[in-house]
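Visitor: Model the structure of this input:
(4 chains)
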Protein chains: 4
Amino acid sequence: MIVVMSPEASESQIKEISERLEKQGFKIHLSEGEQRTLLGVIGQPRENLAETLEAIPVVEKVVPISRPYKMASREFKPEDTVVDLGGGVQVGGEKLVIMAGPCAVEGEEQMMEVAHEIKKSGAHAIRGGAFKPRTSPYSFQGMEIEGLKILEKVNRETGLPTVTEVVDPHTVHEAASYSDVLQVGTRNMQNFYLLKELGNVSRPVLLKRGMSATIEEWLMAAEYIMSGGNENVILCERGIRTFEKATRNTLDLSAVAVAKQQSHLPVIVDPSHGTGHWHLVPAMSKAAVAAGADGLLIEVHPRPEEAVSDGPQSLNPEKFNTLMKDLKEVAACVGRKM
Amino acid sequence: MIVVMSPEASESQIKEISERLEKQGFKIHLSEGEQRTLLGVIGQPRENLAETLEAIPVVEKVVPISRPYKMASREFKPEDTVVDLGGGVQVGGEKLVIMAGPCAVEGEEQMMEVAHEIKKSGAHAIRGGAFKPRTSPYSFQGMEIEGLKILEKVNRETGLPTVTEVVDPHTVHEAASYSDVLQVGTRNMQNFYLLKELGNVSRPVLLKRGMSATIEEWLMAAEYIMSGGNENVILCERGIRTFEKATRNTLDLSAVAVAKQQSHLPVIVDPSHGTGHWHLVPAMSKAAVAAGADGLLIEVHPRPEEAVSDGPQSLNPEKFNTLMKDLKEVAACVGRKM
Amino acid sequence: MIVVMSPEASESQIKEISERLEKQGFKIHLSEGEQRTLLGVIGQPRENLAETLEAIPVVEKVVPISRPYKMASREFKPEDTVVDLGGGVQVGGEKLVIMAGPCAVEGEEQMMEVAHEIKKSGAHAIRGGAFKPRTSPYSFQGMEIEGLKILEKVNRETGLPTVTEVVDPHTVHEAASYSDVLQVGTRNMQNFYLLKELGNVSRPVLLKRGMSATIEEWLMAAEYIMSGGNENVILCERGIRTFEKATRNTLDLSAVAVAKQQSHLPVIVDPSHGTGHWHLVPAMSKAAVAAGADGLLIEVHPRPEEAVSDGPQSLNPEKFNTLMKDLKEVAACVGRKM
Amino acid sequence: MIVVMSPEASESQIKEISERLEKQGFKIHLSEGEQRTLLGVIGQPRENLAETLEAIPVVEKVVPISRPYKMASREFKPEDTVVDLGGGVQVGGEKLVIMAGPCAVEGEEQMMEVAHEIKKSGAHAIRGGAFKPRTSPYSFQGMEIEGLKILEKVNRETGLPTVTEVVDPHTVHEAASYSDVLQVGTRNMQNFYLLKELGNVSRPVLLKRGMSATIEEWLMAAEYIMSGGNENVILCERGIRTFEKATRNTLDLSAVAVAKQQSHLPVIVDPSHGTGHWHLVPAMSKAAVAAGADGLLIEVHPRPEEAVSDGPQSLNPEKFNTLMKDLKEVAACVGRKM
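Guide: Numbers count the residues shown, from 1 in each chain, chains lettered A, B, ... in the order given. Okay, the predicted model is just below:
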């Protein structure tokens, strides 16, 4: 950590801060520039040290040097983490993993229909929300426990691991008893009570990036889950909020490359929420794979124009099938299998 | 709602959609432009109608006309809502309400000290977090129940209503039994389970704007609480996330004017989180009052450089006292009292 | 265009506006909703009609229906435009076009060295700035005319078409006499005097997206050049400004798919400025091709650590050569050649 | 400047970089942390030194310590700069300066009418664009030279200094011969050729912040003009581009406080472009004054619903008159006169 003193700081003020830090066990490297004095603070800082130093009027700013996350970092664990979803499906290895399915579980028939369709096309897991975080209190809020039970049936019949969102810390254990992968949605990426609870289960967690979260904050959210005891975290880029209005979000594919460089965790991409339009999904799915993603999360609905949620961004099974064929080729030329 | 058909839509496709909507009870106004046909859809749409229509390939886009929130809108209730905090303090009337205090409850002594100081300066309520949502799992997470009990003591001793953050739906009722106002933090503005739970209590809710939430989404979050039965919602602008790095967030004061125009709910401003630097707090506090805010939420700590959280943006009691004097003058010239 | 009247608008006010528009030659479709009356305005509006209507207090908002650009739109010209750069190189057809080279022309030797290296690797055109828009007045501002002359020599020796930035309307014709493609930088996308001047030359224009421009504004900038008489416009996505700090910009690859859908113009991608880090360039180059880009603009410098500008995002010739081999494979699996 | 070496950097690589910098005349403070070595680089760096260092693979990042602008900084000149507009009007002193008028000069009659109205209400200068940067090539582009002549006449008749936008380096001298203040619009804040030309005239320059410019980039743009020889720069905050759609831009009033802290230049605010809606202009004008702005730039049109440009954000003279009365009171309570 570097403490940049303001040009007005007196020698005695600088000395006082240095001594205070030394008393706390840090080694101090003092460096006098032409206008400002810098203090290099060496040692493992406790998290709010930067804040308390910045609150001192003669401190201009504090520049962190080490990354704030540990277990999620590649420095801590250089080799890629491979997360096992069950049913022989693993994310983060040579094989790409395609998870597909509707936004919301609407009923058993719908889920079975989609499951068989996507399995035929080669998908490896099925998604479907039982608890739906909706912008409007007047919208369909999900089938809840009944939805979870449908997911379990689908898994039994098709063997596809299931992915479902959890929104409340108190339903985490119940969801974990029915579904194979627990998803944290974009609005809950910093719902720290939920993250802590997910540290207590063994199910893999699919952690969506918050719509205005930096990559660093995203990895800090992963750190919450990991530091609680669950290291099976899959990162999922799903678009960030920008000024552009032609797409629902701006899919940030460089985040895939950055996250894979700074972390050992697998990274997948959700091109459906990332763009908001089904006709952009094929192009961005291929781009995501070419950028190095370990998998994709794609919305597929048997009849998008009847979907209770996210119809405009859902592919129908036929278009999904075509996309899967195209993806196999792209995967091959970046050294991945499907 | 206006459905804009794409230029490729055939007459029979347009007819099919019109008839489908008419069967659902809507009146359709068809309007043929030079390149596109528009369908004016009259009637109360269910929320996901726009989505299901946009999922149809020959539909170019759907333009909503009415606002998605009802109870929070000024059309629904033209006169200003005044929220009672207890202890004779009301937000939304002629009198400005100043809430001040530390980011986190650190102990009884600290809270009593701050409470007496801010009361002397004329503050109307005290804030202090017992449950702290922190970016890092390794940071101080708050004193929890013990912190709530300290808040209750402070209220008994000073008479100041207390404001504290809730982060988990399952602690809402407990927090409500100790504290006068329940705050929803920026990261939880779309934690819908929390919002629903807050609809079930009678305590006023201070709803911070999400750091990347539009004003419309913010009012939809208020609608969640109100539609659940609790109409005592206070909106709080606290800065949005932008590209600018000189401030922690970009305080959006026009949001005050817009929110007060579109809604009857009181709107207050948090200049401490909004800027992230104590030296910007006085200027932005005065600007907020001049822009029409009904109150302020200001971080005050007896010794900011020792605060466990948010020191850099906290005023010390002396600076807060000076600011209160200045605010009284600004309030007067925009027709408000303090 | 749809005019949404505010709920307070009286019948006579609505009538007055309707009649005013009818006098101007528009047909009006009046549609009375439950709370608001809408006026569908049919006919070719002059550009500021929406603005003058929105200035009327009883008008709530005006919703545009047709796109504001014409010549740049796919509705106007459904087939893809292919732009000829000279030397047998064409952008927008089946073959991908790779343009590479240093940020700035630093001298003849440097340019010749790069030119031979990138040609050997299979690049189709060379870039190099002679006029440099620099954030600091104290930075190297480019070799100007001398730089243009070097570009001409490079073209004569290697046959590679040259791409160079123009920053001042009054040097457009001179630059056009030395270089094959004229680039408009991100900071000048809405320098309308420059755009108009580029409408008067026949050289192709490489139009970078403004760092905070919507896709619609980008196409409007193309319209400026095209409406002036020069239809040889190549769009270039180069990253937009967002809150994310890990990358210099956020490369918006969905913009490629959106622009190609709404326009017939070729679209290329600059992954060097888009990310700001050479180590992210290979992944994002492959992603851009997979997303459907017609070409790439890549910074290559013989010794990036000695570059006078943009060293951190430049590849050295060896890394560029490796990338070119990888790109050939990705191109093949999305049906393109190189 | 701090050079953060990556954890993989070897001792000999660190030594090599240190020696290279020492040869260039810098003093190096080496500081070995637990994982990374830091090099404190002391001396006046040339601007692209950071870039060339960041291009070295074993360098993780470079952290600048001093600000990149000099003449614009408060460290360079601690006392406030007061800019003289002529006609006895000065910006940056105790007196607030209100500049008002239409977006575009539409004719002599219109300008004379506005001038007399705003003068009566107490405005100190009149604005009006003769060269209009318009998003669409099909829009009114301004009266150009004829417009400048009208401004000169208005100044002769009313004594009000005139403010007009320049968009092309080659018309700067002509505009300077007719108008008192030359405005740089948001789209041209980084049109460096225009900025350099403005360094060569003596007229004050009103420099609008780019719609996606950081405060640092804004001050660097001022530095361009000042380093060219013209120190009469007035900064103007006019809103930045964000995700919020309820306002045309997000007016960043903290930028006023930050800019006044980091620079000695006067700072004014344009609440008309900042919000895009006339009904938000009064609230934000008052807020700007309370935040410490040295003046305001307000769009006033005799009949906004007939304006050729920016009608929705223009006040009519009556509303402007009311606002002026309110502003006088706000000014008084923050220690300013009008």
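Visitor: so how far is the first residue of stretch A:277-294 from its last?
Guide: Criterion C-alpha to C-alpha, to the nearest Å; first-to-last residue distance in stretch A:277-294 is 22 Å.
Visitor: near chain C, anything from that stretch?
Guide: Yes - Stretch A:277-294 reaches chain C (C-beta under 8 Å from any C-beta of the partner chain) through A:279-280, A:283-284, A:286-292. C-beta: built from backbone N, CA, C; applies to glycine.
Visitor: Please apply the same query to stretch A:221-235.
Guide: No - using C-beta under 8 Å from any C-beta as the criterion, no contacts between stretch A:221-235 and chain C are found, and the smallest distance is 13.6 Å.
Visitor: tell me which parts of chain A are close to chain D?
Guide: A:2, A:4, A:7, A:29, A:31-36, A:38, A:40, A:42-44, A:63, A:65-66, A:75, A:241-243, A:245.
Visitor: again, 10 Å this time
Guide: Applying C-beta under 10 Å from any C-beta of the partner chain, one finds that chain A approaches chain D through A:1-2, A:4, A:7-8, A:27-36, A:38-44, A:60-61, A:63-67, A:75, A:211-212, A:240-245, A:249-250.
Visitor: Just the buried ones among those residues, please.
Guide: Neighbour counting with 16 or more other C-beta atoms under 10 Å in any protein chain shown marks A:1-2, A:4, A:28-31, A:33, A:36, A:38-42, A:60, A:63, A:65-67, A:75, A:211-212, A:240-244, A:249-250 as buried within these.
Visitor: mind listing the strands for the stretch 51-200 of chain A?
Guide: In the stretch 51-200 of chain A, strands defined by DSSP state E, counting those that start in this stretch lie at A:59-63, A:83-86, A:89-91, A:97-101, A:125-127, A:162-165, A:181-184, listed in chain order.
Visitor: can you redo those strands as JSON lines with distance to chain C and mean pLDDT?
Guide: Formatted as JSON lines, the entries for the strands of the stretch 51-200 of chain A read as follows, by distance: least, C-beta to the nearest C-beta, whole Å; pLDDT from 0 to 100:
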{"stretch": "strand A:59-63", "distance to chain C": "13", "mean pLDDT": "88"}
{"stretch": "strand A:83-86", "distance to chain C": "21", "mean pLDDT": "97"}
{"stretch": "strand A:89-91", "distance to chain C": "18", "mean pLDDT": "98"}
{"stretch": "strand A:97-101", "distance to chain C": "16", "mean pLDDT": "98"}
{"stretch": "strand A:125-127", "distance to chain C": "21", "mean pLDDT": "98"}
{"stretch": "strand A:162-165", "distance to chain C": "23", "mean pLDDT": "98"}
{"stretch": "strand A:181-184", "distance to chain C": "20", "mean pLDDT": "98"}
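Visitor: Dump these into a markdown table; add distance to chain B as well.
Guide: Rendered in a markdown table, the data for these read as follows (distance: least, C-beta to the nearest C-beta, whole Å):
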| stretch | distance to chain B |
| --- | --- |
| strand A:59-63 | 9 |
| strand A:83-86 | 20 |
| strand A:89-91 | 23 |
| strand A:97-101 | 16 |
| strand A:125-127 | 18 |
| strand A:162-165 | 12 |
| strand A:181-184 | 12 |
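Visitor: Tabulate those strands in a markdown table, adding columns for distance to residue C:107.
Guide: Converted to a markdown table, these look like this (distance: least, C-beta to C-beta, whole Å):
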| stretch | distance to residue C:107 |
| --- | --- |
| strand A:59-63 | 36 |
| strand A:83-86 | 52 |
| strand A:89-91 | 50 |
| strand A:97-101 | 50 |
| strand A:125-127 | 56 |
| strand A:162-165 | 56 |
| strand A:181-184 | 53 |
